[in-house]
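Chemist: Can you look at this prediction? I've put the sequence above it.
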Amino acid sequence: MEQSKGRRVIIFPLPFQGHINSMLELANVLHSRGFSITIIHTRFNSLNPSTLNPHFTYHSIPVDFSETEAASRDPKGFLYLLNVRCVEPFRECLVGLLSDDVKLEGPVACLISDTLLHFTRPIAESFKLPRILLDVSCATNFAVLAAFPLLKEKGYLPIQDSRLEEVITELSPIKVKDLPKAPGSDPENYYQLAIQVSNEPKSSYGLILNTFEDLEGHALARIRRHLPNVPIFPIGPFHKCCRTISSSSSLLAQDQSCISWLNTQAPKSVVYVSFGSIIQIEKDQFFEIAWGLANSNQPFLWVVRPGLVNGLDWLEALPNGFLEALNGRAYIVKWAPQKEVLAHLAVGAFWTHNGWNSTMESICEGVPMICTPGYIEQMLIARNVSDVWKVGLQLEHGIERGEVERTIRRLMVEKEGEEIKERSLKLMEKANRCLKEGGSSYQYWDGLAKHILSL
Ligand code: UDP
């Protein structure tokens, strides 16, 4: 820790909620280990330093997107634009940060950037600045992306509708339908993106992952075979590593009133429902969710983010009196303090889209999941939840009110649910153990700190 004093790490998150949360949690832990932290962030989805760690230095760079561009449902197209627009502002910002005046604040040890921000490579190289990458998704996703050439050779790619239910022998229990993909993205383009992302760390000084050995040991072994010369640091779960700092990287205001409502509910009775910060659903799915929840007879806390439902502002399409008829059994907010919600005694299940942060947050609180993955890597995560860790159930055939109701019952009141809850608690213990002295993530944290000091 003493050695780290004065060494500065420059951090550049991808400007989306899930990516920002992981990167800032990583920054908090590095800071607690004595490193000075400088955050560079875009004006698009800009951070609010007043709600963040006051010991960091923040630099905003003038990178903007129009509303239409920001609402794009083509991740590859958006990433392309981001990687083009950031180049000059990021370079100029680094010139300032690396100038002699700023050096007095502490010599810069390295840059940590998101694996998807590949434009940072030539810039970091031109400044002779070592670059470490953070991949904010699960190790399984990275390992599967690295296996794309093999999957193409074996005929699993491009994905054929007739083979969707087939288990991929080489990656069992992953099915063809679980393979990462983006809506509206041309399969060949997505293939190229996968190759680029999975090879990006080869030109870096290390790859950090928000996972732990006991959770994704097989996938981590695959990654090590794919990147034999790159140091790999599986140091998750990030958000449990640093308990001392209270800061919020939430881009939306978190409605704390739901905690008071949770305080009035019986232990382990509430189904918490949230599909994260990006996914959009259609109106018919919105109604199936609403009626499935209402018919389940369980209390529920539902995050309906403005913009969640395509074509709706918020709740205006719910039938008049829908909530009143539930007699206080339901609570709806626009955005919740999710980690606090999942840690609340009243919460018994999490119906999630399986974003990696949400999944890790659920695992860490021992909350069993109902999974409706949306896109990219979420199908892989849901497969791990339901078939590998067996800490949740998947709605395999889309969202239909009858199946929603049955799945909630299976999880909340039937024997099957009891077993899932027991396994969830055991997995939570493993997550806690890996961070304690001698645990795998604890050791990798030490390794990462030493590695940064050696650069
Ligand atoms: N989140 C939150 N309040 C909500 C819903 C989500 O604070 O009402 C946070 C959640 O704790 C997680 C992040 O937003 O850290 C979502 O990230 P994730 O990777 O799960 O999904 P994404 O939004 O990237 O699809």
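Modeler: Looks like it came in fine. Because the structure is predicted, anything quoted here is derived from the model rather than measured. Residues are numbered from 1 along each chain as shown.
Chemist: need the residues of the stretch 1-150 of the chain near the ligand, please.
Modeler: 17, 18, 21 (CB under 6 Å from any ligand atom). Using the backbone N, CA and C atoms, a C-beta is placed for each residue, glycine as well.
Chemist: out of those, who has the most neighbours?
Modeler: residue 21 (26 neighbours; other CB atoms under 10 Å).
Chemist: ok, that one touching residue 355?
Modeler: No: between residue 21 and residue 355 there is no contact under CB atoms under 8 Å: 9.8 Å.
Chemist: what's near enough to touch the residue of the stretch 51-200 of the chain found nearest the ligand?
Modeler: Nearest residue of the stretch 51-200 of the chain to the ligand: residue 136, at 7.2 Å (CB to the nearest ligand atom). Residue 136 sits next to 14, 18, 19, 22, 23, 114, 115, 210, 356, 357 when contact means CB atoms under 8 Å, 6 or more residues apart in numbering.
Chemist: need the residues of the stretch 251-400 of the chain near the ligand, please.
Modeler: Looking at the ligand, the residues of the stretch 251-400 of the chain close enough under CB under 6 Å from any ligand atom are 254, 274, 276-278, 303, 335-336, 338-339, 355-358, 361.
Chemist: can you tell me which of those residues lies nearest to residue 67?
Modeler: residue 278 (15.1 Å; CB to CB).
Chemist: Count the neighbours of the residue nearest to the closest one when sequence neighbours are not counted for me.
Modeler: Of all residues not flanking residue 278 in the chain, residue 16 sits nearest, at 6.7 Å (CB to CB, 6 or more residues apart in numbering). Residues within reach of residue 16, counting by other CB under 10 Å, total 20.
Chemist: Got the confidence number for the residue of the stretch 51-200 of the chain closest to the ligand?
Modeler: The score at residue 136 is 96. That number is its pLDDT.
Chemist: now residue 340
Modeler: 97.
Chemist: Check residue 6 too.
Modeler: 75.
Chemist: Look up which helix or strand it falls in, please.
Modeler: Assignment of secondary structure by DSSP states H and E places residue 6 within no helix or strand.
Chemist: And residue 60, by the same measure?
Modeler: strand 57-61.
Chemist: average pLDDT across that strand?
Modeler: So the average pLDDT for strand 57-61 ends up being 96.
Chemist: Pairing partners for it, with directions?
Modeler: strand 36-42 (parallel) (DSSP bridges).
Chemist: Any buried residues in the strand it pairs with, and which?
Modeler: By neighbour count on 16 or more other CB atoms under 10 Å, the buried set for strand 36-42 is 36, 37, 38, 39, 40, 41, 42.
Chemist: Please list the residues outside it that contact it.
Modeler: By CB under 8 Å, 6+ apart, strand 36-42 touches 6-13, 15, 24, 27, 30-31, 47, 52-53, 55-61, 63-64, 82, 86, 90, 93, 97, 105-106, 108.
Chemist: right, and the helix or strand after the strand holding residue 60?
Modeler: helix 67-70.
Chemist: and that next one, C-alpha only, in CSV?
Modeler: Taking C-alpha atoms only, helix 67-70 is exported to CSV below (Å, rounded to 0.1, in the frame of the first residue of the first chain):
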residue,chain,number,x,y,z
GLU,A,67,-30.6,11.5,-29.2
THR,A,68,-31.1,9.3,-32.3
GLU,A,69,-27.5,8.0,-32.2
ALA,A,70,-27.8,7.3,-28.4
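Chemist: I'd like to know which elements it is packed against.
Modeler: Helix 67-70 sits against no helix or strand, with contacts defined as 3 or more CB pairs under 8 Å, 6 or more residues apart in numbering; DSSP states H and E.
Chemist: quick one: the helix or strand following that helix to strand 36-42, angle?
Modeler: Under the assignment DSSP H and E, the closest C-terminal helix or strand after helix 67-70 is helix 75-85. Angle, helix 75-85 to strand 36-42, by axes from the mean of the first three to the mean of the last three CA atoms, to 10 degrees: 110 degrees.
Chemist: Buried residues, the helix or strand that helix 75-85 is followed by. List them.
Modeler: Next helix or strand after helix 75-85 toward the C-terminus (DSSP H and E): helix 87-97. Neighbour counts over helix 87-97 (16+ other CB under 10 Å) mark 89, 90, 91, 93, 94, 97 as buried.
Chemist: Now find how far off-centre helix 87-97 is within its chain.
Modeler: 27 Å (CA atoms, centre = their mean, to the nearest Å).
Chemist: okay, the angle between that helix and strand 57-61?
Modeler: Using the same axes, to 10 degrees: helix 87-97 against strand 57-61 is 150 degrees.
Chemist: Please name every helix or strand in contact with helix 87-97.
Modeler: Using 3+ CB pairs under 8 Å, 6+ apart: helix 87-97 touches strand 8-12, strand 36-42, strand 57-61, helix 120-126.
Chemist: What average pLDDT does it get?
Modeler: Computed over helix 87-97, the average pLDDT equals 96.
Chemist: The residue in the stretch 101-250 of the chain that the ligand sits nearest to: neighbour count?
Modeler: Going by CB to the nearest ligand atom, the ligand is nearest to residue 250 of the stretch 101-250 of the chain, at 5.1 Å. Residue 250 has 17 neighbouring residues, counting by other CB under 10 Å.
Chemist: Could you report the distance from it to residue 337?
Modeler: Between residue 250 and residue 337 the computed distance is 8 Å (CB to CB, to the nearest Å).
Chemist: what does residue 242 give?
Modeler: 17 Å.
Chemist: Output the contacting helices and strands for the helix or strand where residue 27 lies.
Modeler: Using DSSP H and E, residue 27 sits within helix 17-32. Secondary-structure packing of helix 17-32 (3+ CB pairs under 8 Å, 6+ apart): strand 8-12, strand 36-42, strand 108-114, strand 131-135, helix 356-365, helix 440-454.
Chemist: angle of it against helix 440-454?
Modeler: 70 degrees.
Chemist: Can you check what angle separates helix 17-32 from strand 8-12?
Modeler: Using the same axes, to 10 degrees, helix 17-32 lies at 180 degrees relative to strand 8-12.
Chemist: Give me the nearest residue to the residue of the stretch 251-400 of the chain found nearest the ligand, chain neighbours excluded.
Modeler: Of all residues in the stretch 251-400 of the chain, residue 355 sits closest to the ligand, at 2.2 Å by CB to the nearest ligand atom. Once flanking residues are discounted, residue 355 sits nearest to residue 276: 4.3 Å by CB to CB, 6+ apart.
Chemist: Tell me if I'm right that that neighbour and residue 353 touch.
Modeler: Yes: contact criterion CB under 8 Å: residue 276 and residue 353 qualify, at 5.2 Å.
Chemist: Which element, helix or strand, includes the closest residue to residue 366 other than its chain neighbours?
Modeler: Nearest non-adjacent residue to residue 366, counting by CB to CB, 6+ apart: residue 428, 3.5 Å away. Residue 428 is part of helix 415-433 when elements are defined by DSSP H and E.
Chemist: Would you indicate which residues of that helix are buried?
Modeler: 417, 420, 421, 423, 424, 427, 428, 430, 431.
Chemist: Need those in JSON lines (columns: distance to the ligand and pLDDT).
Modeler: Compiled in JSON lines, the buried residues of helix 415-433 are given as follows (distance: CB to the nearest ligand atom, whole Å; pLDDT from 0 to 100):
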{"residue": "417", "distance to the ligand": "23", "pLDDT": "97"}
{"residue": "420", "distance to the ligand": "20", "pLDDT": "98"}
{"residue": "421", "distance to the ligand": "21", "pLDDT": "98"}
{"residue": "423", "distance to the ligand": "21", "pLDDT": "98"}
{"residue": "424", "distance to the ligand": "17", "pLDDT": "98"}
{"residue": "427", "distance to the ligand": "17", "pLDDT": "98"}
{"residue": "428", "distance to the ligand": "16", "pLDDT": "98"}
{"residue": "430", "distance to the ligand": "20", "pLDDT": "98"}
{"residue": "431", "distance to the ligand": "15", "pLDDT": "98"}
